[in-house]
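> Predicted structure and sequence below. I'll ask about it afterward.
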Amino acid sequence: MSTGESPSEDEVFLEIKNLHLDFSVYQGTVQVLDGIELSMKRGEIFGVVGETGCGKTVTTRSIVRLLESNAVIDEGTITFMGSENLLKIPEDEMAKIRGRKISIIFQEPMTSLNPTMRIADQVGEGILLHFRDDMLKKGIELAEKRGSPLAGLHKRLLETELKSPNSILLKLARRIPFINGYNKYPRNASRIDSVEILRDVGMPSPERIAMEYPHELSGGMRQRVLIAIALACQPDLIIADEPTTAVDVTTQAKILNLLLKLREERGTSILVITHNLGLIAEICDRVCVMYAGQIAEIGDVVDIFNHPLHPYTRGLMRAIHNIGDNKELEEIPGNVPILLTPPSGCRFHPRCPRVMKICSEKRPTLQEMETGHKVHCWLYQEEDA
Ligand code: SF4
């Protein structure tokens, strides 16, 4: 269980530093991220919260470099488990990290699943991709036990990779496990693993569900399938993008319990993206509040809920309804800015009730107030700091 303090240098597991990202569009440049800084430690559940369009999903997609083709990263570094800057490593190295070390639970279960593939094959796809050799070895063992000639074929495929990693034969070999009925041992092995993973995520009758297609499942079941896909390769970090938006309240509770169980049993770190403060309060250790592509505040969840410092976070807290409260909810006046022409300085200044002259002139830096509680606001900073 995390202590809720920000990680020391030795504890840093994931670190994003000074990330600036733009989208190039017909009308000009949308300045989506403006100097994002955050870090996580192993085993932590970290929340990123903010309104739609504040840049939380883009921030987390940058980690695995799953960005639209018009995205331009101008500046910044992302390091993970002591790696080099993930933004600079070659694509083939990144492909080994995606799904294997970092995986994503996407927010739309219906559109994220392939409607033409059985559930077992979708859950097992990552396993085939990242553990092909292990699967082939399993296949050899099975084939030898049965005296099948496929043992020889599997051995040849394994040797091919060892001798010449870029050969045409190998490229062909990589496709073979996906051809139904030919290299069937690896495929079957991945299906067996898929059933086990579906069982782990609490899917009822996993053997039957494994052989069904997405349209045959309910919304909650499809969400579980997405979690199963994310878990398949036992990643070190799971990014859960609005994991409960598309499901009903009882399924939400089950999914949250599942994420907590994951961290408890496997020590998996989880980065949760949401606009739902209730979800953050329920499962996260620390939280980062984002506004219009900038970080407003980062800290321990209890600290931020009890003592929000940034005027935007305070506004968010006043807009939550608590059971038994008779007070009227307060809205934050004004609208989220258009990031083609973002406000200068602190991007919250056109809506801020505490705005000062300097707020529109200069961007505040991140100030650490108490252990781990950091805020981006001129109210807590000297002008020449
Ligand atoms: Fe408000 Fe200024 Fe603080 Fe921005 S920097 S939140 S405008 S007081």
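Thanks, I have it. Numbers count the residues shown, from 1 in each chain.

> what about Arg118, distance to Lys254?
Using C-beta to C-beta, to the nearest Å, Arg118 is found at 23 Å from Lys254. Backbone N, C-alpha and C define where each C-beta goes, glycine included.

> meant to ask about Gly345
For Gly345, the distance to Lys254 - C-beta to C-beta - is 44 Å.

> and what of Val195?
The span separating Val195 from Lys254 equals 19 Å under the rule C-beta to C-beta.

> Repeat that for Gly99.
In terms of C-beta to C-beta, Gly99 sits 24 Å off from Lys254.

> higher neighbour count, those two?
Legend: neighbour count by other C-beta atoms under 10 Å for Gly99 and Lys254, higher for Gly99 (20 against 15).

> pretty sure that one contacts Leu129?
Yes - using C-beta atoms under 8 Å, Gly99 is in contact with Leu129, at 6.7 Å.

> Just the strands from the stretch 1-150 of the chain, written as ranges.
Shown for the stretch 1-150 of the chain, the strands assigned by DSSP state E, counting those that start in this stretch span residues 12-25, 28-41, 45-49, 71-80, 102-105.

> I should have written the stretch 201-350 of the chain there, sorry.
Going by DSSP E, counting those that start in this stretch, the stretch 201-350 of the chain shows strands at 237-241, 269-274, 286-291, 294-300.

> could you dump these to a markdown table with mean pLDDT?
As requested, the strands of the stretch 201-350 of the chain are exported to a markdown table (pLDDT from 0 to 100):
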| stretch | mean pLDDT |
| --- | --- |
| strand 237-241 | 92 |
| strand 269-274 | 92 |
| strand 286-291 | 95 |
| strand 294-300 | 94 |
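
> can you tell me the distance between the two ends of stretch 141-154?
With C-alpha to C-alpha, to the nearest Å as the measure, stretch 141-154 spans 10 Å from end to end.

> mean confidence for it?
Here stretch 141-154 scores 76 as its mean pLDDT.

> Check which residues of that stretch are buried.
142-143, 148, 150-151, 153-154 (16 or more other C-beta atoms under 10 Å).

> One more: stretch 80-96?
By neighbour count on 16+ other C-beta under 10 Å, the buried set for stretch 80-96 is 80, 86-87, 94.

> Pull stretch 236-245 out as CSV, backbone CA atoms only.
Taking only C-alpha atoms (Å, rounded to 0.1, in the frame of the first residue of the first chain), the coordinates of stretch 236-245 have been written out as CSV:
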residue,chain,number,x,y,z
ASP,A,236,4.0,-3.6,-14.3
LEU,A,237,1.7,-0.6,-15.0
ILE,A,238,-1.9,-0.5,-16.1
ILE,A,239,-3.4,2.7,-17.4
ALA,A,240,-7.1,2.6,-16.8
ASP,A,241,-8.8,5.3,-18.9
GLU,A,242,-12.3,6.0,-17.4
PRO,A,243,-12.6,2.3,-16.4
THR,A,244,-16.2,2.6,-15.1
THR,A,245,-17.8,5.2,-17.3
